[in-house]
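In: Structure, please.
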Amino acid sequence: MTVTYDDFAKLDIRVAKIVEVEKIPGKTKIVKGVIDLGEEKRQVIIGGAEYYQPEELLNKKVIVLANLEPRKIGGIESNAMLLAADLNDKPFWLTVNEDVPLGTKIK
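Out: Numbers count the residues shown, from 1 in each chain. Okay, here's the model as predicted:
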């Protein structure tokens, strides 16, 4: 399936930083987090908890899809999606190497 440029342009992909991470009682594959998008902070669910300790995720710059419809995961609402390369179900979070301001749009 291909998408048009207009379809791609609808995606709000931005740089964010994980500023809070906490374990969810009874869950081993997800954690609750808060991301900073520069002008706002949002609650998200972060997968891969079986591979990463919360402190490894804290302050990590990530690339997120900011305009994804909110979704409840594990009873908690997630208000964005962190983008990752997936290798055997282990996420490798997409990021930027330079000092790019939070909220910068990816196009």
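In: can we go C-alpha only for contacts and neighbour counts from here?
Out: OK.
In: Tell me who's in contact with residue 60.
Out: 17-19 (Cα atoms under 8 Å, 6 or more residues apart in numbering).
In: give me that answer again for 7 Å
Out: 17-18 (Cα atoms under 7 Å, 6 or more residues apart in numbering).
In: And for the one 5 residues further on?
Out: Taking Cα under 7 Å, 6+ apart, we find residue 65 in contact with 11-14, 80-82.
In: Report the strands that pair with the longest strand that the chain contains, each with its relative direction.
Out: Longest strand in the chain by number of residues (criterion: DSSP state E): strand 13-23. Here strand 13-23 is paired, per DSSP bridges, with strand 30-36 (antiparallel), strand 61-65 (antiparallel), strand 105-106 (antiparallel).
In: ok, back up a step: mark which of the contacts of residue 65 are buried, thanks.
Out: For the contacts of residue 65, a neighbour count by 16 or more other Cα atoms under 10 Å gives the buried set as 13-14, 80-82.
In: Among those, which one lies nearest to residue 46?
Out: residue 82 (7.2 Å; Cα to Cα).
In: Identify the spatial nearest neighbour of the closest one, chain neighbours not counted.
Out: Spatial nearest neighbour of residue 82, excluding adjacent residues (Cα to Cα, 6 or more residues apart in numbering): residue 64 at 4.4 Å.
In: check contacts around the one you found.
Out: With Cα under 7 Å, 6+ apart, residue 64 has these contacts: 13-16, 80-83.
In: Using CSV, please lay out those together with distance to residue 47.
Out: CSV is the format used below for the contacts of residue 64 (distance: Cα to Cα, whole Å):
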residue, distance to residue 47
13, 18
14, 19
15, 18
16, 16
80, 12
81, 10
82, 9
83, 10
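In: out of the residues you listed, who's nearest residue 44?
Out: Distances from residue 44 to these, taken by Cα to Cα, are shortest for residue 80, at 6.0 Å.
In: what does the model give the residue most central in space within the chain for pLDDT?
Out: In the chain, the C-alpha nearest the mean C-alpha coordinate belongs to residue 82, at 2.1 Å (Cα atoms, centre = their mean). pLDDT for residue 82: 98.
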